[in-house]
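Trainee: what's the 3D shape of this:
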Amino acid sequence: MNTGIQNINMEKDKNFDDLALRFQRKVYGGLKGRIRLAVLKKDLKEFFRQALLPAGDQPLNILDAGGGSGPFSIHLAKLGHRITLCDLSEKMLSQAKNRFSDHNLADRLDLFQGPIQEHRSNKHCGYDLVLCHAVLEWVHDPKDLIHHLMRLLKMNGMLSLTFYNLTGMIFKNLLRTNYKKILEKDYAGSPGGLTPTWPRKPEEVLEWIACHPFQILGHSGIRVFHDYILNTKDQDMEPDTVMELELKLSRQLPYRDMGRYQHILGYKKKETAIKIAT
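Mentor: The predicted structure is shown next:
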């Protein structure tokens with residue numbers, strides 16, 4: 001899961017400096033993290049195979065927006081692609097810098113510390129691929145964020161967007177008999193915790209995307225059943241079988257819509273330019 005993007009309103013949106021190490025351990029690591037990466041790779045392989053092929057003389061220019069320590073983009077850098085990693089958190093960026101250096105990939109990484117809304121793509125005249133993973137649920141103005149991400153894409157550029165699913169959050173609380181939270185619509189995470197501030201309704205996110213000349217190619221659920229196994233000891237049993245079933249069910253209804261995260265993958269339509277006032 002990637003994090004750290006923040007709206008210009010610093011008082012409302014999330015900086016992960018104080019949670020960087022915990023985030024790395026609890027979210028990026030373990031079977032949860034492997035399932036996330038597997039679903040993302042599966043979707044890219046089917047709809048944007050170029051990103052998973054050796055770059056050769058034509059590397060893609062990729063923006064990892066709110067990329068944290070770069071757990072997904074580092075795989076793309078290993079194939080020869082060029083990564084710009086943007087994050088508000090200095091500690092997250094330091095982790096990313098160290099990881100890329102450890103793999104001798106420092107020359108393929110550019111770092112930008114600050115809100116993604118302040119990042120401009122002048123260097124590359126638009127990105128071939130923008131990754132924005134697990135960010136919408138931490139920002140106060142998600143529509144504005146999507147607006148800006150579309151601007152950063154070149155024509156026919158691809159956007160890989162994941163977000164924390166409110167439907168899944170409600171269902172898990174029902175299973176835990178946390179009925180008061182549901183009745184009071186108390187969905188926000190506690191301060192200092194890893195539960196997102198603003199879980200998103202998939203239908204709302206799809207409406208925001210529909211405001212742009214954007215063609216959705218793939219829609220998947222990430223962890224469609226793993227997180228609902230209430231006994232945490234059982235969650236890591238038979239990991240190979242869990243992975244196989246997660247991938248098999250990731251696009252099948254109704255399982256897709258129960259995924260704790262949703263993944264939307266598509267491209268900016270060529271026929272219509274996006275004009276955004278600056």
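Trainee: Could you use CA atoms for every contact and neighbour count after this?
Mentor: Will do.
Trainee: ok, and the closest non-adjacent residue to His226?
Mentor: Nearest residue to His226 in three dimensions, chain neighbours excluded: Gln235, at 6.2 Å (Cα to Cα, 6 or more residues apart in numbering).
Trainee: OK, contacts around the one you found?
Mentor: His226, Asp227, Ile229 (Cα atoms under 8 Å, 6 or more residues apart in numbering).
Trainee: Could you identify the buried members of those?
Mentor: Using 16 or more other Cα atoms under 10 Å as the burial test, those include His226, Asp227 as buried.
Trainee: Take the contacts of Gln235 and keep only those in strands.
Mentor: Applying DSSP state E to those, no entry is found in strands.
Trainee: okay if I get the contacts of Gln235 as a markdown table plus pLDDT and distance to Phe112?
Mentor: As requested, the contacts of Gln235 are exported to a markdown table (pLDDT from 0 to 100; distance: Cα to Cα, whole Å):
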| residue | pLDDT | distance to Phe112 |
| --- | --- | --- |
| His226 | 96 | 34 |
| Asp227 | 94 | 33 |
| Ile229 | 95 | 38 |
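Trainee: Show me which of the contacts of Gln235 is closest to Leu206.
Mentor: Asp227 (23.6 Å; Cα to Cα).
Trainee: I'd like to know how far that closest one sits from Leu253.
Mentor: 17 Å (Cα to Cα, to the nearest Å).
Trainee: Check His81 too.
Mentor: Distance check for His81 against Leu253: by Cα to Cα, it reads 34 Å.
Trainee: any idea which element Ser161 lies in?
Mentor: Quick fix: residue 161 reads Leu, not Ser. strand 153-164 (DSSP states H and E).
Trainee: contacting residues around that strand?
Mentor: So strand 153-164 is in contact with 48, 125-137, 150, 196, 199-200, 260-270, 273, going by Cα under 8 Å, 6+ apart.
Trainee: Repeat that for stretch 95-102.
Mentor: Outside stretch 95-102, the residues touching it (Cα under 8 Å, 6+ apart) are Gly68, Ser69, Gly70, Ile74, Ala106, Leu109.
Trainee: Repeat the analysis, applying 6 Å as the threshold.
Mentor: Stretch 95-102 is contacted from outside by Ser69, Gly70, Ala106, using Cα atoms under 6 Å, 6 or more residues apart in numbering.
Trainee: re the thing from before, got the confidence number for the residue nearest to His226?
Mentor: Listed pLDDT for Gln235 reads 88.
Trainee: same question, Pro196
Mentor: 87.
Trainee: circling back: got the buried residues for the next helix or strand after the strand holding Leu161?
Mentor: Moving toward the C-terminus from strand 153-164, the first helix or strand encountered (DSSP H and E) is helix 166-175. Along helix 166-175, these residues count as buried under the neighbour rule (16+ other Cα under 10 Å): Leu166, Thr167, Gly168, Met169, Ile170, Phe171, Lys172, Asn173.
Trainee: Could you pull up the mean pLDDT of the helix or strand following helix 166-175?
Mentor: Sequence-wise, the next helix or strand downstream of helix 166-175 (DSSP H and E) is helix 179-183. Helix 179-183 shows a mean pLDDT of 93.
Trainee: go on, stretch 246-262?
Mentor: pLDDT averaged over stretch 246-262 gives 98.
Trainee: who's in contact with it?
Mentor: Contacts of stretch 246-262 (Cα under 6 Å, 6+ apart): Thr162, Phe163, Tyr164, Asn165, Gly168, Ser220, Gly221, Ile222, Arg223, Val224.
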